[in-house]
Each structure stands twice: as C-alpha cells, then as structure tokens.
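Peer 1: predicted model and sequence below, questions to follow.
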Amino acid sequence: SSSLPHFFSQISPLYPSPTPDGKLDTVEFLEATKSFIKMYDLLGTTFYVVKRDMSGNVDKLYKTYNKDPEKYKYLNDLIYGERSDPHLYAVEALLWLKRAMEFTVIFIRGITEKHHKGVLSDRLDHIATEAYNQT
C-alpha cells in the first residue's frame, strides 16, 4: 500500500534509546508501541487479532506500571519486579509484543522481497503463514 511508507515516516513517538545503563523508559516504550500498533489499520482486518493482542499486552504493562509509576519507570524494573510478584506478567507481555513485532517485520520483508522479484499477488496468506512459523 502506498500509505505504508507514509505511515512509517509519521510514527510518533519513536522507540526510546536505552539509558547509559541499558534501561528503557516504560511510558516512552508503551506509547511508541501504541503508535506502531496503528499500522495494523493500514493492513486490514486480517491483522485485527495481532492488533488486539498487542494492545492487550500494552494494557497489561500499563496496568502494572500504574500500580507504582516511580517503581516501574523502566521496563527493566517491571521485569525484575516480577521476581517478587509473579502476578505482574511483564515478561510474558513483553515476549508477546516482541513476537508480534518480529512477525510484522518478517511479513513486510516477505511482501517487499516478492515485490522486488516481480511477484505480484493479492494473496498474502502464504507470506503471513511463513512469518508466523518463523516467529
């Protein structure tokens, strides 16, 4: 879709850079992920499940963050916090976000590779299946 490149140039906010000691700001990460999720609107209803799952995981992480924003300022703190409170589910939520993002990257890469090879098709299910199997 011609609107996809335009979308990527408009993503805001961007994902945060790690602090010098390797931490990622929780709110900046979650807001960037919410922005990223909007891309699925351009890909159509087929991606509704991916969009819903990612949004649900962002909500889980926000729910934990909002319990104690000072304590969970960084994603790293959410992960370490799960050691003492196994009901946080931060690691699982982050893992599913990572998988969904990897799936998306592999899927878009697959479309791009087919396009560069001159293979044009309205059927993208085989590319989606391949991306799913890889992730």
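Peer 2: Good, I have the coordinates. Numbering: from 1, shown residues only.
Peer 1: so what does the host helix or strand of Lys114 touch, helix or strand wise?
Peer 2: Using DSSP states H and E, Lys114 falls within helix 90-116. Contact here means 3 or more C-beta pairs under 8 Å, 6 or more residues apart in numbering; DSSP states H and E; on that basis helix 90-116 packs against helix 48-67, helix 75-84, helix 125-134. Every C-beta, even on glycine, is put in place using the N, C-alpha and C of the backbone.
Peer 1: tell me what angle the last one forms with helix 90-116.
Peer 2: Angle, helix 125-134 to helix 90-116, by axes from the mean of the first three to the mean of the last three C-alpha atoms, to 10 degrees: 140 degrees.
Peer 1: what's the answer for the second one, then?
Peer 2: Between helix 75-84 and helix 90-116, the angle formed by their directions is 130 degrees, by the same axes, to 10 degrees.
Peer 1: contacts for helix 75-84, please.
Peer 2: 22-26, 29, 61, 64-65, 71-72, 88-91, 94 (C-beta atoms under 8 Å, 6 or more residues apart in numbering).
Peer 1: next: the first one.
Peer 2: Under the contact criterion C-beta under 8 Å, 6+ apart, helix 48-67 has outside partners 26-27, 30, 33-34, 36-37, 40-41, 72, 75, 78, 81, 88-90, 93-94, 96-97, 100, 103-104.
Peer 1: how many neighbours does the residue nearest to Tyr74 when sequence neighbours are not counted have?
Peer 2: Distances taken as C-beta to C-beta, 6 or more residues apart in numbering place Lys23 nearest to Tyr74, at 4.0 Å, with adjacent residues excluded. A count of nearby residues for Lys23, using other C-beta atoms under 10 Å, gives 14.
Peer 1: related to what we said a few turns ago, filter the contacts of helix 48-67 to the buried ones?
Peer 2: 26-27, 30, 33, 36-37, 40, 72, 75, 78, 81, 88-90, 93-94, 96-97, 100, 103-104 (16 or more other C-beta atoms under 10 Å).
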